[in-house]
Structure formats: C-alpha cells, structure tokens
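# Have a look at this prediction, sequence included:
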Amino acid sequence: MGVMEKFRLDGKVAWITGASYGLGMAYAKAYAEAGAKIVFNDVNPDNFARGMEEYKKAGIDAYGAICDVTKEDQVEKFVKDVEANVGPIDILVNNAGIIKRIPMHEMALKDWQLVIDIDLTGPFICSKAVLPHMIEQKSGKIINACSMMSEFGRETVSAYAAAKGGLKMLTRNICSEYGQYNIQCNAIGPGYIATPQTAPLRERQADGSMNPFDRFIRSKTPAQRWGHTEDLMGLAVFLASEASDFINGQVIYIDGGISAYIGQDPSNLDESKFAAEVEAEGDIKVKD
Ligand code: NAP
Ligand code: GCO
C-alpha cells in the first residue's frame, strides 16, 4: 500500500458526535472526502435537521439521529441502530461538547454537572458503546475533543477545564486498556477556533471595536489569527486512518502555536490588519 493510501477511510463507518455544525461537521466532511460513511447525532432537533440538510447539499449521505450523549440508553439504542442500518462503527469522534463561562464561586452545581456530563461522561458512554465491536474486530479509532483547557486554566471555565483535563486522561486510559486490540485512542487539542462555541469571545464591542478577548487571543497566537474548522480536517483524517496506527494515547495540539508562545502586548496589535478577516467571518451563531 502506498503511503497516501494509508490516509484513506474507504469502507469505514465514522460516528462523529454533535456534528450538526462546527468542528464536528468539518470532521465529518473530511471523513466523507476520505471515503468514510458518515454517522452523526445531535440533541437539538432544529440543529439536527439543518445539519442533515447541509450534509445532503454537500452530497454526503449521512445517517443520523437525535441522541443525547449523556443518556446511556439513547446511546446504546443509537449504536444498535447504526450497526443494523449502516454497519459496525470503526471510528468514533467524541466531539459533542458545551462550555459554561461562569466564575466558579458563582457557578451552580447543575451547570458544573452539565458540563462534566456532556464533555467527560459523554465520551465515556459513547466509547463504552463502541468498544465491544472494536475489540471483536481487533481494530478501532477513538478520537476525543480535548482543548487548550486540557493543559491550561483561565477565569470562568472551571468545569470545562476539569472535563477537558479528565478527557486527556481518559484518552490515555483507553489507549492503555485497549491498545492490545489494535484500538488507538488519541485526542485533537484545538486552540481557539472560530465556531459558534467561541463566537461570544469574538463579538465586537458596542462601538464596533475588537472584542478584548479577540485581541488577547491574537496577541497569544504567533499567526495572529483564530483557527478555522478547515485547519483541523487534515489532523482529524490522519488520526482516523491507518497512517496513525502506531500513535496512541496522545493529545495533538493544533493551536497556531499558542501553547509555545508567551505572547505579545495586545496593545501592540494593529487592528486594521484584521478588519477584513473579522468582517469575512460573518455572523456565526452566538451561543451562551
Ligand atoms: P459547538 O459549535 O458548540 O458545537 C457543539 C456540538 O455539540 C453541537 O452540535 C451541539 O448540538 C452538540 N451537543 C451539545 N450537547 C450535546 C449532547 N448532550 N448530546 C449530543 N450533542 C451535543 O462546538 P465546537 O466549537 O464545534 O467544538 C466541538 C468540540 O471541540 C467541543 O467538544 C469543544 O469543547 C471542542 N473544542 C472547541 C474549540 C473551539 O475553539 N471551538 C477548541 C477546543 C476544543 P446542539 O447545538 O444541538 O446542542
Ligand atoms: C474559552 C474558549 C476555549 C475554547 C477551546 C480552547 O472560553 O476559553 O471557549 O475553551 O473553546 O477549548 O482550546
């Protein structure tokens, strides 16, 4: 097999959780281009319907259903339906996730629990559901959605950082326990990517000036830009393919260099350099 063939996903069934838009949809489109059959779930019916429409427009015959990754009974039914209608799942991307930006001393327990349930327990539930078949077929790929917050903290994201830090260790533990069955579990560690989840951090001020957090992230990123979902597609395909069969338990950071750079004074940034880019981003749907 030539080296480029190793990056193909022909004949594989790939399940990307929470893939009606954002990074999940980007991963799914990349996998479809690499030859995989796409399976996805979401929890909001309207977003799910829009996502299915988007896949159809892109010429992708995706299989999908409403399924909450925190509900084990729903996940088990979803996996059984996929196995019956599409085939056994070869690739699982635990992409579904939320964030709550609340100072920890003001955070209600229910908000903490919801973030932990979706961002950490959800990947446990979904991985547990697909592992039996992967063990039986002696192959499988599980890819988790880690984050800068798997390594760093910041104000207001305590639950998210705890979940993403835990997800890094869950990645290592799935590697440790199931590597013997030729199952690889790795994680994508995106930096700051322009999606609905981060839209509030880029919203311009009432006077039209740049959001201070936008300026901060650009001053912390050597490329002085936010990542785009397209930036992550190649890594997602690599980690889902045979090309990464001897990589296991790793979090691969794809962050434009943030984690390697102390950053510069945000006031040194020339805002005019980014005006066109910020305009071009358009009005990505803002989430809370
Ligand atoms: P996003 O735009 O907020 O999309 C999250 C997706 O997860 C949505 O489709 C959402 O569906 C779905 N979801 C939420 N709760 C769910 C549940 N209980 N069951 C099933 N699906 C659920 O997020 P994103 O920016 O694309 O990020 C995707 C993943 O990458 C997340 O895990 C995030 O933490 C991680 N990440 C993102 C960044 C970034 O800068 N964007 C950086 C590092 C890591 P609904 O809309 O229907 O609720
Ligand atoms: C935040 C952001 C980050 C990104 C991402 C960074 O509020 O700091 O939402 O958490 O989502 O996780 O890698």
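Nice, thanks for sending it over. Ligands and ions are numbered 1, 2, ... in the order given.
# show me the contacts for residue 179.
Counting by Cβ atoms under 8 Å, 6 or more residues apart in numbering, residue 179 touches 248-249. Quick note: C-beta positions are derived from backbone N, CA and C, even for glycine.
# swap in residue 157?
Shown in contact with residue 157 (Cβ under 8 Å, 6+ apart): 99-101, 149.
# can you tell me which of these are in helices?
Counting by DSSP state H, no part of the contacts of residue 157 is found in helices.
# Drop anything exposed from those residues.
Among the contacts of residue 157, those classed as buried by neighbour count (16 or more other Cβ atoms under 10 Å) are 99-100, 149.
# before we move on, the earlier item: which of the contacts of residue 157 sit farthest apart?
The most widely separated members of these, counting by Cβ to Cβ, are 100 and 149 (12.3 Å).
# what do those two both touch?
157, 160.
# those strands in the stretch 51-200 of the chain, which residues are they?
Along the stretch 51-200 of the chain, the segments classed as strands by DSSP state E, counting those that start in this stretch run 63-66, 91-94, 140-145, 183-190.
# Against which helices or strands is the second one packed?
Right, the one you point to is strand 91-94. With contacts taken as 3 or more Cβ pairs under 8 Å, 6 or more residues apart in numbering; DSSP states H and E, strand 91-94 sits against strand 13-17, helix 22-33, helix 122-137, strand 140-145, helix 233-240.
# Ok, which of these comes nearest ligand 2?
strand 140-145 (8.6 Å; Cβ to the nearest ligand atom).
# now for the strands of the stretch 51-200 of the chain, which one comes closest to residue 250?
Using Cβ to Cβ, those put strand 183-190 closest to residue 250, at 4.9 Å.
# wait, does the closest one make contact with ligand 2?
Yes. Counting by Cβ under 6 Å from any ligand atom, ligand 2 is contacted by strand 183-190 at residue 190.
# circling back: check the buried ones among the contacts of residue 157 against residue 13 and report the nearest one.
residue 99 (28.9 Å).
# For the closest residue to the closest one other than its chain neighbours, which residues are in contact?
Nearest non-adjacent residue to residue 99, counting by Cβ to Cβ, 6 or more residues apart in numbering: residue 160, 4.6 Å away. Residue 160 makes contact with 99-100, 115, 119, 147, 149, according to Cβ under 8 Å, 6+ apart.
# Quick check: the farthest pair among the residues you listed?
Most distant of those, by Cβ to Cβ, are 100 and 147, 13.9 Å apart.
# Where is the longest helix in the chain?
helix 158-178.
# Give the buried residues for that helix.
Residues of helix 158-178 classed as buried by neighbour count (16+ other Cβ under 10 Å): 158-168, 170-172, 174-175, 178.
# circling back to that earlier point, and of the strands of the stretch 51-200 of the chain, who's closest to residue 261?
When these are compared (using Cβ to Cβ), the closest one is strand 183-190, at 15.3 Å.
# which residue packs closest to residue 127, ignoring adjacent ones?
Leaving aside its sequence neighbours, residue 127 sits nearest to residue 142 (Cβ to Cβ, 6+ apart; 5.4 Å).
# Count the neighbours of the one you found for me.
27 (other Cβ atoms under 10 Å).
# swap in the one 5 residues further on?
For residue 147, the tally of surrounding residues (other Cβ under 10 Å) stands at 29.
# separation between the closest residue in space to it that isn't next to it in sequence and ligand 2?
The shortest distance from residue 147 to any non-neighbouring residue, by Cβ to Cβ, 6+ apart, is to residue 164 (4.3 Å). Applying Cβ to the nearest ligand atom, to the nearest Å, the value for residue 164 to ligand 2 is 7 Å.
# was I right about residue 164 contacting residue 153?
No. Look at residue 164 against residue 153 with Cβ atoms under 8 Å: they stay out of range, at 10.4 Å.
# now the residue located most distally from the centre of the chain: how far from residue 265?
Residue farthest from the centre of the chain, counting by Cα atoms, centre = their mean, is residue 207 at 32.8 Å. Remark: distance between residue 207 and residue 265 (Cβ to Cβ, to the nearest Å) = 22 Å.
# tell me the mean pLDDT for stretch 66-80?
For stretch 66-80, mean pLDDT is 98.
# ditto for stretch 240-250
98.
# Which positions within that stretch qualify as buried?
Going by neighbour count (16+ other Cβ under 10 Å), the buried part of stretch 240-250 is 240-244, 248-250.
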